[in-house]
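Peer 1: pasting the structure only:
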């Protein structure tokens, strides 16, 4: 039975995405609906940053409300995920085999960058979840290397979900919300530039996005919300088949683009399965 998995980059938007998933939520839910059952889900969120790559080993993952000032209803939502120490150890081993430093965390739960998209994509919380931290000080190159370390796991049934946003400037959100709600032109321009480079498989341009992309620093005053894309890119590999499963803008300035990557090894496994049948 073929259990090879794709790689996803999905938006998590504002915390209210959990209450009003809209078109972006419908798109990522549909993308998850017909997947073969994963061995486990590796979730990468920009809201867990560490100096060294850290893998979550908790057997029951707390729903973390790492935000304030929202409707009370939001704080009643839970995502009762379970972990899997055995699968988490495979993630540790893969990162270590790539020559990267790695640590374990037996307490870490799921911040909103993790549980919000997971709740939309896997509402039954019936697949083990393994949180994995980002090292934002290392920029896109570090995130890409981390993804490359994870690449062999996709053929072993691990599903990687990298959660972030293609644009993320909260100051511009405040300005837009106070001045009539106009979306700045750079939001779609930057998102389209990212999409063009992804479709062209131009990893060099993407890794140098802060110099090459239009309004890159405005799109990401700090780039932790874009870095999960590079984890996904590294895990998928240069020959991956790419599908943009959603393109849209929420809350004036949050590009909610979502991507599915089919790694070459996954495509090869699928082809072999079809030929065998």
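Peer 2: Cool, the structure landed. Remember, it's a predicted structure, so these values are computed and weren't measured experimentally. Residues are numbered from 1 along each chain as shown.
Peer 1: residue boundaries of the helices in the stretch 101-250 of the chain?
Peer 2: Using DSSP state H, counting those that start in this stretch, the helices of the stretch 101-250 of the chain run over 112-121, 139-154, 170-178, 185-199, 203-207, 209-212, 216-219, 227-236.
Peer 1: now the fifth one: buried residues?
Peer 2: This means helix 203-207. 203, 205, 206, 207 (16 or more other Cβ atoms under 10 Å). No exception for glycine: its C-beta is placed from N, CA and C like everyone else's.
Peer 1: how about stretch 111-126?
Peer 2: Neighbour-count burial for stretch 111-126 [16+ other Cβ under 10 Å]: 111-122, 125.
Peer 1: same check, this time on stretch 242-260
Peer 2: 242, 244-260.
Peer 1: over to stretch 138-151?
Peer 2: Quick answer for stretch 138-151 (16+ other Cβ under 10 Å): 138-140, 142-151.
Peer 1: give me the residues contacting it.
Peer 2: With Cβ atoms under 8 Å, 6 or more residues apart in numbering as the test, stretch 138-151 has contacts from 42, 53, 91, 94-95, 97-98, 100, 132, 134-135, 158, 160, 162, 203, 206-207, 209, 223, 226-237, 263, 265.
Peer 1: go again using 7 Å as the cut-off
Peer 2: Under the contact criterion Cβ atoms under 7 Å, 6 or more residues apart in numbering, stretch 138-151 has outside partners 42, 53, 94-95, 98, 100, 134-135, 160, 207, 209, 223, 227, 230-235, 237, 263.
Peer 1: could you find the closest non-adjacent residue to residue 136?
Peer 2: Leaving aside its sequence neighbours, residue 136 sits nearest to residue 224 (Cβ to Cβ, 6 or more residues apart in numbering; 4.3 Å).
Peer 1: please report how far that neighbour lies from residue 6.
Peer 2: Distance of residue 224 to residue 6, computed by Cβ to Cβ, to the nearest Å: 24 Å.
Peer 1: check residue 94 too.
Peer 2: Following Cβ to Cβ, the distance that separates residue 94 from residue 6 is 17 Å.
Peer 1: which stretches of the stretch 151-277 of the chain have low pLDDT?
Peer 2: Within the stretch 151-277 of the chain, the ranges that satisfy pLDDT under 70 run 266-277.
Peer 1: the chain: strands as residue ranges?
Peer 2: 7-11, 40-49, 53-56, 102-105, 129-134, 158-164, 241-246, 249-250, 254-255, 258-262 (DSSP state E).
Peer 1: how about residue 238, what does it touch?
Peer 2: With Cβ under 7 Å, 6+ apart, residue 238 has these contacts: 201, 203.
Peer 1: next one: residue 12
Peer 2: 112, 113, 116, 117, 163.
Peer 1: ok, so of the residues you listed, who is nearest residue 32?
Peer 2: residue 117 (9.4 Å; Cβ to Cβ).
Peer 1: hmm, residue 25 and the closest one touching each other?
Peer 2: No: judged on Cβ atoms under 7 Å, residue 117 makes no contact with residue 25 at a distance of 8.5 Å.
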